[in-house]
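# Requesting a structural model of the entry that follows:
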Amino acid sequence: MILSISGVILLGVVVFIYFRKDGLKASHAVVAMLFGFYLSSTAVAPSIKAGGESLAGLLGGLKF
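This next block holds a predicted model:
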């Protein structure tokens, strides 16, 4: 658990730096995918999923 949280924090910082510095390139996308896979194995994953579903429901309910 400690190792996966450290990996999530490290990869999150790297992804943030890539976004701020150069935009997202192909090699940066690989790091972002690894960040997502590590994040999905942490305890915060259900909260992220619920938040995403809630946002999708909100956006799906908008009428233009």
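# what about Ala43, is that helix, strand or coil?
Three-state call for Ala43 (DSSP: H, G, I helix; E, B strand; the rest coil): coil.
# and it, what pLDDT?
We have a pLDDT of 80 for Ala43.
# Can you classify the residue most central in space within the chain as helix, strand or coil?
The centroid of the chain falls nearest to Gly36 when counting by CA atoms, centre = their mean (4.9 Å). Classification of Gly36 using three-state DSSP returns helix.
# so how far is Ala45 from it?
Distance, Gly36 to Ala45, by CB to CB, to the nearest Å: 10 Å. Any C-beta I mention is one placed from the backbone N, CA and C, and that applies to glycine too.
# Show me what the lengthiest helix in the chain is in contact with.
When the chain is parsed with DSSP state H, its longest helix is helix 2-21. With CB atoms under 8 Å, 6 or more residues apart in numbering as the test, helix 2-21 has contacts from 24-25, 28, 31-32, 34-35, 38-39, 41-42.
# Need the worst-confidence member of these.
Least confident by pLDDT among those: that is Leu24, with 68.
# nearest to Glu53, of the contacts of helix 2-21?
Using CB to CB, Leu39 comes nearest to Glu53 of the contacts of helix 2-21, at 16.1 Å.
# I figured that closest one hits Ile48, correct?
Yes: counting by CB atoms under 8 Å, Leu39 does reach Ile48; the two are 7.1 Å apart.
# Who has more neighbours out of these two?
Leu39 (17 against 13; other CB atoms under 10 Å).
# Pull out the buried positions in the helix or strand where that one lies.
Following DSSP states H and E, one finds Leu39 within helix 26-40. By 16 or more other CB atoms under 10 Å, the buried positions in helix 26-40 come out as 28, 31-32, 35, 38-39.
# In JSON lines, list these along with distance to Gly52.
JSON lines is the format used below for those (distance: CB to CB, whole Å):
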{"residue": "His28", "distance to Gly52": "22"}
{"residue": "Val31", "distance to Gly52": "21"}
{"residue": "Ala32", "distance to Gly52": "16"}
{"residue": "Phe35", "distance to Gly52": "15"}
{"residue": "Tyr38", "distance to Gly52": "17"}
{"residue": "Leu39", "distance to Gly52": "12"}
